[in-house]
Structure formats: structure tokens, C-alpha cells
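K.L.:
quick one, structure for this:
(one chain, ligands or ions: 2)
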Amino acid sequence: MIAVLPEHIRPMLQDRLPDWIEPIWWSDPDNLVEMAPQAEIGWFDLHLKPPALRSVQLARDLRWLNTSYSGVDWLPLADLEARDVLLTCGSNLTATQVSEFAVMSILAFAKDYAALVRAQDAHEWLSVPPGIRDLAGSRALILGYGAIGRAIARALEGFGVEVSVVRSKAGDGAMGPDEWQDQLDSFDWVVLALPGTADTAGLLGAKEFAAMKRDAVLVNFARADIVDQRALIEALRERRVGGAIVDTVDPEPLPEDHPFWSLENAHVTMHLSGIPTPASQQRAADRFLRNCEHFRVGEKLEAQVDLQRGY
Ligand SMILES: NC(=O)c1ccc[n+]([C@@H]2O[C@H](COP(=O)([O-])OP(=O)(O)OC[C@H]3O[C@@H](n4cnc5c(N)ncnc54)[C@H](O)[C@@H]3O)[C@@H](O)[C@H]2O)c1
Ligand SMILES: O=C(O)[C@H](O)CO
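P.N.:
Numbers count the residues shown, from 1 in each chain. Ligands and ions are numbered 1, 2, ... in the order given. Next up is the predicted model:
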């Protein structure tokens, strides 16, 4: 069976692929578009890049599509479902690194680490700390309690933060999707770790920012369109919220004159938190090989996306 696979994963896969797989290695977007029509199994990693979508469209023999990305909102899910294509994603492959980025940014915001760096650059000895927030004793609401939400919760709890969580079904101490809105005024950090789906689009807008504590910080390591970007910019300008840490923004990359660059209370982390590292790529390769065995015998695949639900 022909599998069109990424060249950069080749060293981790090559000698371990089962003999029923005939690999074809792609290395750049044009190359992928060219090879896609042959793919029965495809591993396409080109988040938000037009050639990825073109390749999915051209791969008419595709039976299983794999991606290292956790969020699959950029893929034509209804089309894949209509074509009976199985989709596996990168859920849990980068959760620890995303959570490290999230907690780093929260700490940097709390202590105003950027001001320390600026002071050092200016050879200026500060006599008072620029940031006076403590994590210990603060309260965080984490929306989305999957791989990333859980990793962020564990890390924040380690700093003494009191964490409340929301997932798609209430239970085991987690709130359900409609139970958090009227409690927004009790959190210092509102952290998004949700998938981008029809249900989560525009989940936070002017109404939610008005309900948050005036010094609360929105932390978005999920998807930009979960947040009404315009309303967030307005809330930041008018200081109706304390700040925002945004890993994902719309558009990406941000244009030169975008307000997020210059708003003092906005911290931009440039969607870098989930960029694959050698360790996460190794995990991706190992999972792909396990999934080859599941696929061969018709078993459910690891990290298989529910195409109707969208994650
Ligand atoms: N910033 C980055 O670089 C980066 C990296 C990886 C993932 N992500 C984003 O983070 C998302 C979450 O990743 P994950 O691996 O933790 O996913 P996951 O599938 O493990 O967890 C998703 C969680 O969201 C919950 N959820 C879904 N819809 C909900 C709703 N309407 N209300 C409340 N909870 C809901 C689910 O119950 C689950 O707990 C991804 O879909 C992706 O969009 C971003
Ligand atoms: O979903 C993911 O894995 C990251 O956001 C990269 O797109």
C-alpha cells in the first residue's frame, strides 16, 4: 500500500515500516501536491498552507490521513468523512511543550519579565520588582481539559494556583460547557485549551470580557477564532481586562501594524508553542508505526479524530 510520508520523519521511520507499506517521501509543499494522487496512506503536515488542502483534494485514493498537529480545524473534515478517510492527529504529542510555554508566559506576565530584560539591556538596576502578581493563591479557569488542559493544570497547581476546569461533559470535578460563564468574575487567569470547532467559535467576546475581573488575563494556546479578536483588542485598549497572552492569533503571521504588537498588556508568543521538537517527532513516528498495525487489522487508530465532532 502506498504511503506518502514526510522526508523529515524518514530517519525515524525508514527501517521500521512494515513491509506492506511502500513509502514515497515528500519534502516540500509542491512535491506533496505532486505525490498526493498516489497516496492511500498520507502524512501531510502543512498547517494552514494551501498545498495541504490541495493535496487532500487530489488524494482521491486516500484511506488514512495522518497529521502531527493536534488541531484539525484547518482540514476539510466533512469532505474526509464523505470520502470515508480516517484521520489521526497529534493530540498529546506536544502537550507538555505547549503547557511549558503557557506557564512560562503566565509567570512572565505575573513578574513582568519583559521589563527585567529591558532593564538589563539598559544596564539599569531596578530597586522594585516590575511585576507584583503571585501565582500562589490565584485562580485559573481552564477551558478544555484534554492533553494540553491537563498538562497546564498540573503545572499551575504546582505553583499553588487553584484550578477549575471545563470539558465537553461535566463530571469528575470538571464543569460542562454551559457551567462556567456566570463564574467568570472569580478567576485571575482564563486559559483556553479547546479545539477549534463550530461549538467553540466566538466562545469569548465582549460579554465574557466584561464579566471577567478587570485584572484577569486571557491565555489562548488553542485557536484564535475561539476569541472574538476585535472585542479582545477593544477590551485590552480600554483595560477592561488585565491582559492577554496569545499564542494563536488571526491572522497568522500578524501584519506589521497589528495592535497586538504594540498593546502593552498583550503578550504574543507567535504560535511557537506547538512546533514539533525532535522528541515530539519521535513520538509522532512511534505512534504512526503503532497505528499502521491498528490500520492493517481494521482497529480504531490512536488519536483518531471524530470527524463530526472535530477533535
Ligand atoms: N498553540 C499551539 O501550538 C497548539 C498546539 C497543540 C494544540 N493546540 C490547540 O489546542 C487544542 C486542544 O488540544 P488537546 O491536544 O488538549 O486536545 P484534546 O482533544 O486532548 O482535548 C480537548 C478538550 O476540549 C474539550 N472540549 C471540546 N469542546 C468543548 C466545549 N465546547 N466546551 C468545553 N470543553 C470542550 C474536550 O472535552 C477535551 O477535554 C487543539 O485542538 C488545538 O487547536 C494548539
Ligand atoms: O494544533 C497544533 O498542533 C498546533 O497549533 C500547530 O498548528
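K.L.:
so where do the helices sit in the stretch 1-150 of the chain?
P.N.:
According to DSSP state H, counting those that start in this stretch, the stretch 1-150 of the chain carries its helices in the segments 10-13, 29-35, 50-58, 77-82, 95-111, 113-121, 147-158.
K.L.:
with distance to Trp189, mean pLDDT and mean neighbour count added, can I get those helices in a markdown table?
P.N.:
Using the backbone N, CA and C atoms, a C-beta is placed for each residue, glycine as well. Conversion of those to a markdown table gives the following (distance: least, Cβ to Cβ, whole Å; pLDDT from 0 to 100; neighbours: other Cβ atoms under 10 Å):
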| stretch | distance to Trp189 | mean pLDDT | mean neighbour count |
| --- | --- | --- | --- |
| helix 10-13 | 36 | 96 | 16 |
| helix 29-35 | 37 | 95 | 18 |
| helix 50-58 | 33 | 94 | 18 |
| helix 77-82 | 31 | 97 | 14 |
| helix 95-111 | 6 | 97 | 20 |
| helix 113-121 | 16 | 98 | 13 |
| helix 147-158 | 8 | 98 | 20 |
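K.L.:
excluding chain neighbours, give the residue nearest to the one residue in the stretch 101-250 of the chain that gets nearest to ligand 2 in space.
P.N.:
When scored by Cβ to the nearest ligand atom, the stretch 101-250 of the chain has Thr248 as its residue closest to ligand 2, at 6.6 Å. By the measure of Cβ to Cβ, 6 or more residues apart in numbering, the closest residue to Thr248 outside its immediate chain neighbours is Ala224, 4.5 Å from it.
K.L.:
hang on, the earlier thing: how many residues are close by the residue of the stretch 101-250 of the chain closest to ligand 2?
P.N.:
A count of nearby residues for Thr248, using other Cβ atoms under 10 Å, gives 22.
K.L.:
so what's it scoring on pLDDT?
P.N.:
Thr248 carries a pLDDT value of 97.
K.L.:
how close does it sit to Leu192?
P.N.:
Distance of Thr248 to Leu192, computed by Cβ to Cβ, to the nearest Å: 9 Å.
K.L.:
list residues touching both of the two?
P.N.:
When contacts are counted by Cβ atoms under 8 Å, 6 or more residues apart in numbering, the set common to Thr248 and Leu192 consists of 220-223.
K.L.:
pick out the residue of the stretch 151-300 of the chain closest to ligand 1.
P.N.:
Per Cβ to the nearest ligand atom, the residue of the stretch 151-300 of the chain with the smallest distance to ligand 1 is Gly274, at 2.5 Å.
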